[in-house]
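# quick one, structure for this:
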Amino acid sequence: MSLIVAEKLVKTYSSGDLEVKAIRGVDFVIEPASFVSFIGPSGSGKSTLLNMIGCLDPPTEGQLKVVGQDVTGLSRQDAARFRGEHIGFVFQDFNLIPVLTVFENVEYPLQMVQSWPKDERMKRVQEMLDAVGMGDQGHKYPSQISGGQKQRVAVARALVTNAKLVLADEPTANLDRETATMVIELMKKMRDEFKTTFVFSTHDPRIVDNVEITFELEDGILKRHEMAKGGAHG
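Residues are numbered from 1 along each chain as shown. Okay, the predicted model is just below:
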């Protein structure tokens, strides 16, 4: 079963008498355990599309299925529940909570969204921190670690709930070249290990060079769909 299926997807924003079509009748399919990017200039619709896939913003028209569920008409409450169960997020500014430790940041979705018992939470968080190479940093606060380490923590937080889909909006934008490369390699490793699909919205050629499928957007229209040589990951 395909992980994401979009059919004739449209997103229109209204401001007074003005209507802006951010996404115009887009169709695409993304399979499980994929590494995929949406690229295009600023204003092309990349972030809008990611927000719809992440159930943060409903489509105006068309149908969108994520993890087998039609999410097109979900209520705000149902959308929040669906996100908490199925989707992880990684942002360019990390979005870690500054007053929580690294451990508590990764634990947060298990405690606040999924209500895991404490013993299971402790074990799962430590497993994820170990997996991203931050196993001995759990006691530190975000202000005490580097940008690359913050993004590692963000990846651990995105995956801690066993999410089958991680949406990453410009995740390397605030990282230097070497750190960005390490984070991309980490995400590939996590994909291989957990069979998680990573979908990027990005300008970064380092990410585009590492994904298997690239969708190019321009003015809300899907202009191009490219698969890397050798095809998608099996």
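# C-alpha only now, for contacts and for neighbours.
Fine.
# in the chain, mark out all the helices, start to finish.
Taking DSSP state H as the criterion, the chain carries its helices at 46-53, 76-86, 102-108, 118-131, 147-159, 177-194, 205-208.
# can you tell me what sits against the first one?
Counting contacts by Cα atoms under 8 Å, 6 or more residues apart in numbering, the residues outside helix 46-53 that touch it are 4, 11, 22-23, 38-40, 57-59, 64, 66, 167, 169, 201-202, 217.
# how about a cut-off of 7 Å?
38-39, 57-59, 167, 201, 217 (Cα atoms under 7 Å, 6 or more residues apart in numbering).
# in strands only, show me these.
Of the positions in the contacts of helix 46-53, 38-39, 167, 201, 217 sit in strands, assigned by DSSP state E.
# next, format these as JSON lines and append neighbour count.
Formatted as JSON lines, the ones in strands among the contacts of helix 46-53 follow (neighbours: other Cα atoms under 10 Å):
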{"residue": "Phe38", "neighbour count": "24"}
{"residue": "Ile39", "neighbour count": "24"}
{"residue": "Leu167", "neighbour count": "23"}
{"residue": "Ser201", "neighbour count": "25"}
{"residue": "Leu217", "neighbour count": "23"}
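# ok, those vs Asn95, which is closest?
Set against Asn95, the nearest of the ones in strands among the contacts of helix 46-53 by Cα to Cα is Leu167 (13.5 Å).
# wait, the closest one touches Gly88, no?
Yes. In this structure, Leu167 is within contact of Gly88 by Cα atoms under 7 Å, at 6.3 Å.
# okay, now the unreliable bits of the chain?
For the chain, the stretches flagged by pLDDT under 70 are 229-234.
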